[in-house]
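1. Structure for this input, please:
(one chain, ligands or ions: 2)
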Amino acid sequence: MSESTLPTTSRQLVFTERDAMAVSDSPVPPTGDDDVLLRVALVGICATDLHLLAGHIGDPFPLVPGHEFVGEVAAIGPAAARSRGLAVGDHVAVEMLLPCRSCARCREGRYNLCEADDMALGLERGRQYGVNIPRTVEPGLWGGYSEYLHVPAEATTHRLPDAMPWERAVLVEPLAVAYRTIQRARLSPGESVVIIGPGPVGLLAAAAARAAGAGRVIVAGTRDSRLELARRFGADAVVNTRETDAVAAVRAELGGLADVVIEIAGVAAAQQQAVQLARRGGRVVLAGACGANVAVTFRADEELLTREIDLLPSFLSAGGFEPAIALLGRNEFPFTELVTHRFALEQTAEAFATIAAREAGVIKAVLEPGLRRPAPLDGRAA
Ligand SMILES: [Zn+2]
Ligand SMILES: [Zn+2]
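-> Numbers count the residues shown, from 1 in each chain. Ligands and ions are numbered 1, 2, ... in the order given. As a prediction, this is how the structure comes out:
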């Protein structure tokens with residue numbers, strides 16, 4: 001696409017206020033010297049987006065949601081082209097984090113913990129696409145539920161192989177989140193891993209653990225269909241925690257407890273169970289978001305102190321994009337089977353209802369902002 005064919009407006013799905021959404025146009029300004037304009041090809045719908053709409057994550061309204069986007073460079077300023085090595089038409093992933101790059105946390109590489117407060121926005125933590133930058137902040141293209149996205153100098157871009165289908169590429173952000181859990185676990189080859197929560201990130205964590213050289217990988221959850229899928233994402237064994245005592249099942253499978261347990265279910269009971277499934281001196285990665293003000297209790301002496309369990313929270317995707325792109329490129333797992341539903345922006349409410357009701361075998365639903373007509377009724381791509 002050449003610069004001259006760029007539209008002057010971008011259709012967006014806007015959370016106008018809590019529990020209210022609308023499709024409307026936003027002006028697309030000329031692309032600045034340091035900036036990239038991304039044409040969004042696909043954007044994954046995340047549980048976070050549903051929580052945002054429900055008002056569980058602050059008051060960022062009006063907000064264009066969407067942080068799991070991939071697309072192509074529609075326009076790029078000369079300085080951005082030089083510094084990023086990108087050109088119009090390149091396929092890219094953009095990280096959701098817009099870190100300051102100068103605070104102590106950013107300098108040590110933990111830019112997901114950026115400490116720069118942005119008082120102009122009233123933010124106490126780093127800016128995140130689709131989460132905490134209101135649409136009223138110029139140029140208003142701060143979320144992936146949009147035909148176009150503004151990519152300023154502080155954003156992090158990653159080139160995607162041209163041949164990688166968007167349906168696979170759109171998993172890069174959840175896979176990057178999965179990779180961070182593996183990095184936080186300091187997983188060594190041959191170590192056993194239990195993953196609790198076979199949602200998209202949990203399934204991808206099984207693949208990432210397998211790719212990182214894990215020994216036995218066990219996925220625990222409550223839905224048999226997901227657990228069966230987990231086997232195809234690298235799990236050697238699965239445990240239905242509704243039917244089986246998880247500690248006994250893991251002991252039977254491993255001959256002991258796990259070296260590493262990764263919790264990505266986002267419920268307190270799963271976090272408690274994660275600690276119980278780790279061996280003495282083992283590591284537990286807590287990656288599931290449980291919601292505001294949820295307290296988790298552990299038996300301090302019996303479960304933690306006397307067993308020296310390392311508790312390692314893992315937040316967002318920092319550091320995970322490059323290994324995620326590499327793994328998606330190798331295509332050793334049935335990634336695209338995770339993308340079960342595709343919708344147009346106008347169908348966002350329908351998509352959210354499908355996800356909330358866990359209908360129609362939905363695993364990962366995505367929006368295609370460029371889709372001008374509604375997708376077929378089953379939501380799948382034609
Ligand atoms: Zn997400
Ligand atoms: Zn920072």
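
2. tell me what the longest helix seen in the chain is packed against?
-> In the chain, taking DSSP state H as the definition, the longest helix is helix 172-185. Judged by 3 or more Cβ pairs under 8 Å, 6 or more residues apart in numbering; DSSP states H and E, helix 172-185 is in contact with strand 68-76, helix 200-211, strand 258-263, strand 278-286, strand 310-313, helix 321-330. C-beta: built from backbone N, CA, C; applies to glycine.

3. following that helix, which helix or strand shows up next?
-> For helix 172-185, the following helix or strand on the C-terminal side (DSSP states H and E) is strand 193-196.

4. Does anything pack onto that following strand? Which helices or strands?
-> Applying 3+ Cβ pairs under 8 Å, 6+ apart, we find strand 193-196 packed against helix 200-211, strand 217-221, strand 258-263, helix 268-277.

5. Using JSON lines, lay out those together with mean pLDDT.
-> Below are the helices and strands packed on strand 193-196 laid out as JSON lines (pLDDT from 0 to 100):
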{"stretch": "helix 200-211", "mean pLDDT": "98"}
{"stretch": "strand 217-221", "mean pLDDT": "98"}
{"stretch": "strand 258-263", "mean pLDDT": "98"}
{"stretch": "helix 268-277", "mean pLDDT": "97"}
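
6. Can you add distance to residue 66 and mean neighbour count and give these back as a markdown table?
-> Converted to a markdown table, the helices and strands packed on strand 193-196 look like this (distance: least, Cβ to Cβ, whole Å; neighbours: other Cβ atoms under 10 Å):
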| stretch | distance to residue 66 | mean neighbour count |
| --- | --- | --- |
| helix 200-211 | 15 | 28 |
| strand 217-221 | 26 | 26 |
| strand 258-263 | 26 | 28 |
| helix 268-277 | 27 | 20 |
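
7. could I get the helices and strands packed on helix 172-185 as JSON lines with distance to residue 11?
-> What follows is the helices and strands packed on helix 172-185, written out as JSON lines (distance: least, Cβ to Cβ, whole Å):
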{"stretch": "strand 68-76", "distance to residue 11": "14"}
{"stretch": "helix 200-211", "distance to residue 11": "26"}
{"stretch": "strand 258-263", "distance to residue 11": "38"}
{"stretch": "strand 278-286", "distance to residue 11": "38"}
{"stretch": "strand 310-313", "distance to residue 11": "37"}
{"stretch": "helix 321-330", "distance to residue 11": "27"}
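
8. Mind checking these for the one nearest to residue 218?
-> strand 258-263 (7.2 Å; Cβ to Cβ).

9. packing partners for the closest one?
-> Secondary-structure packing of strand 258-263 (3+ Cβ pairs under 8 Å, 6+ apart): helix 172-185, strand 193-196, helix 200-211, helix 268-277, strand 278-286.

10. Neighbouring strands of it in the sheet, and parallel or not?
-> Strands that pair with strand 258-263, judged by DSSP bridges, come out as strand 193-196 (parallel), strand 278-286 (parallel).

11. Most tightly packed of these?
-> For these, the largest average neighbour count (mean count of other Cβ atoms under 10 Å) is found in strand 193-196, namely a mean of 32.

12. ok so, going back, what inclination does the longest helix of the chain have with respect to strand 278-286?
-> 140 degrees (axes from the mean of the first three to the mean of the last three Cα atoms, to 10 degrees).

13. just checking, residue 317 touches residue 96?
-> Yes - the pair residue 317 / residue 96 is scored as a contact, 6.9 Å apart, by Cβ atoms under 8 Å.

14. Could you name every residue contacting both of the two?
-> Common neighbours of residue 317 and residue 96, counting by Cβ atoms under 8 Å, 6 or more residues apart in numbering, are residue 173.

15. what residues does the one helix or strand residue 22 maps to touch?
-> Here residue 22, judged by DSSP H and E, is contained in strand 20-27. In this structure, residues lying in contact with strand 20-27 by Cβ under 8 Å, 6+ apart are 8-16, 53, 64, 135, 139-141, 146, 345-346, 348-349.

16. related to what we said a few turns ago, possible to save the helices and strands packed on strand 258-263 as CSV with distance to residue 334?
-> Shown next, in CSV, are the helices and strands packed on strand 258-263 (distance: least, Cβ to Cβ, whole Å):
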stretch, distance to residue 334
helix 172-185, 13
strand 193-196, 17
helix 200-211, 10
helix 268-277, 25
strand 278-286, 24
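
17. So which of the contacts of strand 20-27 belong to helices?
-> 53, 348, 349.

18. Flag the shaky bits of this protein, pLDDT-wise.
-> The chain contains residues with pLDDT under 70 at 1-4, 118-125, 374-382.

19. Pick out the residue of it closest to ligand 1.
-> Closest approach between the chain and ligand 1, counting by Cβ to the ion: residue 46, at 3.0 Å.

20. How many residues are close by that residue?
-> 25 (other Cβ atoms under 10 Å).

21. Phi, psi for it please.
-> phi -110, psi 150 (degrees, to the nearest 10).

22. Residue 135 too?
-> phi -60, psi -20.
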